[in-house]
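Asks: kindly generate the corresponding structure for this input.
(one chain, ligands or ions: 4)
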Amino acid sequence: ESGSGKTPLALAFESLRGSRTDAVVVPEGYTAQVLVPWGTPLNGAAAEWKHDMRMTAEAQAERVGMHHDGMHAFALDADNASRDFLLALNNEYIDQAALWAPQGGPTNADSGRRPADEVRTEINAHGITLVRVRKDAEGRWTHVPDDARNRRFTSATPMELAGPVAGSDYVRTRYSPEGTHTRGTNNNCANGYTPWGTYLTCEENWPEVFVNTGERHADDARLGLPTERGRYGWETAAGSEGERDDEFARFDVTPRGNGPRNDYRNETRTFGYIVEIDPYDGQSRAVKRTALGRFRHEGCWPGKLVAGEPVVFYSGHDARNEYIYKFVSDAKWDPADANRPGEAYDRLALGAKYMDEGTLYVARFDADGGGEWLALEPDTRVADGRTLAAALSLAEGDRAGVIVHTCDAADLLGATPMDRPEWGTVDPSSGEVYMTLTNNSRRTEADSAPTFTNEGDAIEAAGVGYATAPANAANPRADNEAGQVIRWRERGDDATRFDWEVFVFGAAADDADNLSGLTERNQFASPDGLWYDDRGDGQGILWIETDNGYDGVAEQTNDQVLAVVPGALSHASGQASVVGAGNQQQLKRFAVGPNDCEVTGIFATPDKTALFINIQHPGNWPADADAATQDATHVTSGSVRPRAATVVIQKADGGQIGV
Ligand code: FEO
Ligand code: CA
Ligand code: CA
Ligand code: CA
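Replies: Numbering: from 1, shown residues only. Ligands and ions are numbered 1, 2, ... in the order given. Got it, this is the predicted structure:
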């Protein structure tokens, strides 16, 4: 495929051995620097972080949040885009032991009443951090305290609803009787960005912070809303001394009164969305774009952008036997709407233009290597001939209802249950899409019958969901512990058809089902973060990050970053992997994280001299010494209060990463 005279891209580093230390490991000739760890103050007046500092709600509200995940860079001006930009960073969830280390742990974490100030602090440790970062003349990165665009969005920040669900009965609450606003965004895992210069943050495991001890909405049951206690017991602080209004009661969504004006039953329906943020305007609101569906959104990735064509976003629902989705805008892309870096103007109006009206599809992967996008429209016909709206017991034409019940609708259309879709990424020249399927302990043998999560003995009823699903072509391994990466390409002649294949299967080198021929130097499991790093000439590096739950690999190495230069779509059988023994393509281990972490979040600067990754939930890292050196590769001695952090990997000679 490289017959056009271009120089084939090749990875020019030695694949790392596995590592299990309290340090980040990078190839020889590379450096790794800790940047903006949890607790870093966003303004210059705040006290510096200290390992024994007691976090408070007020302090956390003006500091970097916890458990860094997806992130993206927003250039302030095109000429300095590789050395000075706004970093938008998800803070997915919290490590209560680290947060409350000075007092020996959280109060009543598992039972009993949580103190209001602790809950408020935990709420403020979640969400999104926007912080300006820049590189100095020596190549060291620092954040810029007091930049007017530094800010936090937390699980309490007021946000707008937009798109089909906004203003509908489904989202009328005590807080917003008109159904137009909500409070907070939660468990923001992976991310995305738009061509018009906004950040997309995605609500993944948000059901866990709520509880409903009574009758759940069928859609909430489908999504696994807890029935005894929320993940951190935030609801138990309701009515406590120091509580303001109903700031904690809203997490208990049990119906108590005679409608949503009297209780919190609809709070959950204001979550599960893609949230749009304009990083350039320090006063802008966050908007939940409901047209892109309601589920446990891992992330949201723009497809290949073509002038005069719709704007496309791909997203996945990260839960066992859930689905992959595509949103196609009604509006056609106008290049005049492209981001103007650094300028403040109404980008959210462009978000409304491209993200509030369009069609949401869910994917069916066929055994012949083809696939179909199934439209989640109220009038789409299901197998028995009814409309989707009728099959969901909704009024005809109820678009908001279909969105609220996205997963049920996908069930009814016969979408393919997947092995936990995590990150996606798009090759901007070919338009090929990659997505990680991290693992699935509830994948059963191909000849087994499916089972269901809630009441029902068939998927043709709303609120059911697959508990177990038999292996299929795209998810071919029962009890899939190691995961795989799939790849698809839209068929240009038919907007609803695509071709797909498995790109690589995770495995331990000595596994019987090591289908991609992995070795001691590139074995991996549970692929999660993913980024196609376009290097021009139609070539690029696919970076794969892991969040490993599989002992076969975890006994050999901590979570890691791998790199591979993908070749062209090689076949359409759907069965084989295109990375494998004897294949010209090389899959190499580029970095390894510290003990107990996952590695997630990734991008490179436009000049490709710095690769940014995140270390989430480390066990005993970064080393105390890093306060002075910021060296992410420094092995921790003794024990430290762990802090999730961004890590910047650069070459000591300033050259491009990976090559
Ligand atoms: Fe938060 Fe699916 O990872
Ligand atoms: Ca994560
Ligand atoms: Ca993830
Ligand atoms: Ca994961």
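
Asks: quick one, what contacts the residue in the stretch 101-250 of the chain that ligand 3 sits nearest to?
Replies: Nearest residue of the stretch 101-250 of the chain to ligand 3 (Cβ to the ion) works out as Cys189 at 4.9 Å. C-beta: built from backbone N, CA, C; applies to glycine. When contacts are counted by Cβ atoms under 8 Å, 6 or more residues apart in numbering, Cys189 touches Asp69, Gly70, Asn90, Glu92, Cys202, Glu204, Asn205, His297, Glu298, Gly299, Asp318.

Asks: what's the burial count for the fourth one?
Replies: Read that as Glu92. 28 (other Cβ atoms under 10 Å).

Asks: gap between it and ligand 2?
Replies: 5 Å (Cβ to the ion, to the nearest Å).

Asks: residues contacting that residue?
Replies: His67, His68, Asp69, His126, Asn187, Asn188, Cys189, Glu204, Gln616.

Asks: equivalent analysis for the second one, please.
Replies: By Cβ under 8 Å, 6+ apart, the contact set of Gly70 is 89-90, 188-192, 201-202, 299, 423, 529, 600-601.

Asks: show me which of those residues are buried.
Replies: 89-90, 188-192, 201-202, 299, 423, 529, 600-601 (16 or more other Cβ atoms under 10 Å).

Asks: which residues of the stretch 201-350 of the chain lie near ligand 1?
Replies: Contact residues (Cβ under 6 Å from any ligand atom) of the stretch 201-350 of the chain with ligand 1: Glu204, Glu298, Asp318.

Asks: how many residues are close by the first one?
Replies: Under the neighbour criterion other Cβ under 10 Å, Glu204 is assigned a count of 28.

Asks: okay, and the beta partners of the residue in the stretch 451-600 of the chain that ligand 2 sits nearest to?
Replies: Across the stretch 451-600 of the chain, no residue is closer to ligand 2 than Thr600, which sits at 5.1 Å (Cβ to the ion). When assigned by DSSP bridges, Thr600 has beta-bridge partners Asn614.

Asks: wait, it sits on Trp543?
Replies: No - counting by Cβ atoms under 8 Å, Thr600 sits too far from Trp543 to count as a contact (11.3 Å).

Asks: quickly list what's touching both of these two.
Replies: Gly529.

Asks: show residues contacting stretch 36-46.
Replies: With Cβ under 8 Å, 6+ apart, stretch 36-46 has contacts from 47-49, 53, 55, 59-60, 62-68, 87, 89, 91, 98, 125, 129, 131, 133, 143, 145-146, 150-152, 622, 643-646.

Asks: that stretch: which residues count as buried?
Replies: Val36, Pro37, Trp38, Gly39, Thr40, Pro41, Leu42, Ala46.

Asks: how far does it stretch from start to finish?
Replies: 14 Å (Cα to Cα, to the nearest Å).

Asks: I'd say Asn339 and Pro195 touch.
Replies: Yes - under the criterion of Cβ under 8 Å, Asn339 makes contact with Pro195 at 6.7 Å.

Asks: more neighbours: which of these two?
Replies: Asn339 (18 against 15).

Asks: residue of the stretch 351-500 of the chain closest to ligand 3, please.
Replies: Glu422 (4.7 Å).

Asks: contacts only, for that residue.
Replies: So Glu422 contacts 190, 298-299, 316, 318, 435-438, 527-530, 547 (Cβ under 8 Å, 6+ apart).
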